[in-house]
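[1] 3D, please:
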Amino acid sequence: MSRIGRAPITIPAGVEVKVEGKNHVTVKGPKGTLVRDIVPQMIIEINEGVLTVKRPDDTKENRSLHGLSRTLIDNMVTGVTNGFEKKLEINGVGYRASKEGKELVLNLGYSHLVKVSENDDIQIDVPDANHIVIKGIDKQKVGQFAAEVRSKRPPEPYKGKGIKYDYEVIRRKEGKTGAK
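    Below is the predicted model:
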């Protein structure tokens, strides 16, 4: 049995979880509402504030989908209660970020400014010129948006210039060893 899949999800106070039809899961909480269709083979049960996900049999496909289904629902519950955030750092001389209205404006050494618009699901915060915080309730959308912002100028291995995650470690290269 999957260790992740069999772990119960405790539904906190103020969060409402509904399962309709063929595993159409709706989670409402203080930060918003998330809706997702979970694989129809999985059996989702809610008893006294605890949600469990069970699989019908031990086929390879159902075993692999068991932990995934449970994690997706757990991320929905976490998202509507606490939300998710990704932090990005900008390194490089003259590289900086600012926020103008609902747009993130990046100066990344190109001949033009790079502008990225926030949408309904994502909030962008720029605490200072070298840091960006991306927040939202859907873990997948937050991660995807952060990856798209990072892709505007990924870090290079020689000087470390570019946009990187706050936890990311850039493996540095030595560079040329010139003639003496």
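[2] what's the mean pLDDT across the longest helix along the chain?
    Scanning the chain for the longest helix, with DSSP state H as the assignment, gives helix 60-81. The average pLDDT for helix 60-81 rounds to 93.
[3] what residues sit buried inside it?
    By 16 or more other C-beta atoms under 10 Å, the buried positions in helix 60-81 come out as 62, 65-81. Every C-beta, even on glycine, is put in place using the N, C-alpha and C of the backbone.
[4] show me what contacts the closest residue to Tyr110 other than its chain neighbours?
    In space, Tyr110 comes closest to Arg153 once its chain neighbours are excluded; the distance is 8.0 Å by C-beta to C-beta, 6 or more residues apart in numbering. Contacts for Arg153 (C-beta atoms under 8 Å, 6 or more residues apart in numbering) come out as 92, 95, 106, 108-110, 114, 161-163.
[5] next one: Leu88
    Contact analysis of Leu88 by C-beta under 8 Å, 6+ apart lists 131-134, 146, 149-150, 163-166.
[6] Serialize these to CSV and add fields for neighbour count, distance to Lys99 and pLDDT.
    Formatted as CSV, these follow (neighbours: other C-beta atoms under 10 Å; distance: C-beta to C-beta, whole Å; pLDDT from 0 to 100):
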residue, neighbour count, distance to Lys99, pLDDT
His131, 14, 12, 96
Ile132, 25, 9, 96
Val133, 15, 11, 97
Ile134, 24, 12, 96
Ala146, 22, 15, 96
Val149, 22, 12, 96
Arg150, 18, 17, 96
Ile163, 24, 15, 96
Lys164, 18, 19, 95
Tyr165, 14, 19, 96
Asp166, 11, 18, 95
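[7] can I get the residues you listed in JSON lines including secondary structure and distance to Asp57?
    As requested, the contacts of Leu88 are exported to JSON lines (DSSP: H, G, I helix; E, B strand; the rest coil; distance: C-beta to C-beta, whole Å):
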{"residue": "His131", "secondary structure": "strand", "distance to Asp57": "49"}
{"residue": "Ile132", "secondary structure": "strand", "distance to Asp57": "46"}
{"residue": "Val133", "secondary structure": "strand", "distance to Asp57": "44"}
{"residue": "Ile134", "secondary structure": "strand", "distance to Asp57": "40"}
{"residue": "Ala146", "secondary structure": "helix", "distance to Asp57": "38"}
{"residue": "Val149", "secondary structure": "helix", "distance to Asp57": "43"}
{"residue": "Arg150", "secondary structure": "helix", "distance to Asp57": "41"}
{"residue": "Ile163", "secondary structure": "strand", "distance to Asp57": "46"}
{"residue": "Lys164", "secondary structure": "strand", "distance to Asp57": "44"}
{"residue": "Tyr165", "secondary structure": "strand", "distance to Asp57": "39"}
{"residue": "Asp166", "secondary structure": "coil", "distance to Asp57": "43"}
